[in-house]
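> Here is my input, please return the structure:
(chains A and B)
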Amino acid sequence: MNLRLASGIQTEDIMPIVTCKHLDSFLDDYLAGRLVWWTRLQFQVHLTLCPPCKVYLDQYRRTVEAAHALSAPEPPATPMPPELAESITRLMCTAEQRDEKR
Amino acid sequence: MARMMLRQMSILSSDLDKLDEREFIAALRRKEPSAYARLVTEYGPRLRAVIRRYLRVEADADDALQDALINAARGIENFNQESALSTWLHTIAVRAALMKLRSRGRLLDETGIDPLLPTYNSVGHRVMPASSGDQPPERLQTRQVQDLVREQIEKLPEMYRAVLIARDIEQLSTEDAAEALGMTEAALKTRLHRARAALRTLLEPYIRNGSI
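Just a heads-up that it's a prediction; the model follows:
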């Protein structure tokens, strides 16, 4: 059960991060800097005590950075078969005619 | 008949090529068939490449391309020209690809990701797989790293690949991606987390040997 407390903090936020599985559920919010201070502290304490999670976090962070690095260039154009171009153009014209009749 | 009409359109299209983007948009708004032909031949191949990032099946990609171009022609009145036409068309193509995935029910296919997700013991502690003898370190150029990451993304199940591309590569907001895919923002965040975790598993040998 996750209750919202008067301060806006949810009970989930103040539960200690005991297991690695629990830590993983906060990973994206941790990397995005969205954790409340108490949860961030819990997260960091877990990392200090758990070398496998430290390695995992580093690899996860590098994975996200590697995906972000692909964001810049457009993919190279994929040639269109002439018949596909022809059929789409025809459909665009007929769709237009249908729209006008409505 | 249609072929002849298109040939005439392509002659007209070569004249239209000389017009700048603003005039081209005006021609599209006047619903000129030659402008439609130009839209297809000039922008179609690039939009097709964008769509193929999401849809592996060629027929699905071509359906989505058709939807994108028809939607663009219909929606050109609403294009405010604050961005380049190509940027606007790119967004329409991404949306058409995501809608296609959604309509085919592919989003329900969540199988295939489990072997790539982290494993825990009975009390929730991480089980790290034993090293299977890491490959010797290999220094890769930026381009080679990008090709390697793209290759591994291709191995993800379609839905997870789509979510990861939409959020981490195309940089769509959580709200926009969730809306196009017909899921809640919370569901999209969960899928993005799983997609990233699975990609980490696929990239792990390369991260460990220092290639990435």
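> Show the backbone phi and psi for the residue of chain A found nearest chain B.
Proximity of chain A to chain B (C-beta to the nearest C-beta) peaks at A:T19, 3.1 Å away. C-beta here means a position set from N, CA and C on the backbone, and glycine is covered the same way. When read as degrees, to the nearest 10, the backbone of A:T19 gives phi -100, psi 160.
> Same check on B:A64?
Torsion angles, degrees, to the nearest 10, at B:A64: phi -70, psi -40.
> Contact partners for it?
B:51, B:54-55, B:93, B:96-97, B:99-100 (C-beta atoms under 8 Å, 6 or more residues apart in numbering or on different chains).
> per-residue confidence for it?
Looking at B:A64, its pLDDT is 96.
> Taking the centroid of chain A, which residue is nearest it?
For chain A, the residue sitting closest to the mean C-alpha position, by C-alpha atoms, centre = their mean, is A:D28 at 7.3 Å.
> now that residue: how far from B:L188?
With distances defined as C-beta to C-beta, to the nearest Å, the gap from A:D28 to B:L188 amounts to 11 Å.
> and the residue nearest to the centre of chain A, what helix or strand is that in?
Element membership for A:D28 (DSSP states H and E) is helix A:27-31.
> Which strands or helices does whichever helix or strand comes after that helix pack on?
The helix or strand immediately downstream of helix A:27-31 is helix A:37-49, counting by DSSP H and E. Applying 3 or more C-beta pairs under 8 Å, 6 or more residues apart in numbering or on different chains; DSSP states H and E, one finds that helix A:37-49 contacts helix A:11-14, helix A:20-24, helix A:51-68.
> Now do the second one: everything it contacts.
Applying C-beta under 8 Å, 6+ apart, the contact partners of helix A:20-24 are A:15, A:17, A:43, A:46-47, A:50, A:52-53, A:56, B:118, B:120, B:124-126, B:193, B:197.
> what does the longest one give?
Helix A:51-68 is contacted from outside by A:20, A:23-24, A:27, A:30-31, A:46-47, B:118, B:126, B:128, B:145, B:149, B:153, B:164, B:168-169, B:196-197, B:199-200, B:203-204, B:207, B:212, using C-beta under 8 Å, 6+ apart.
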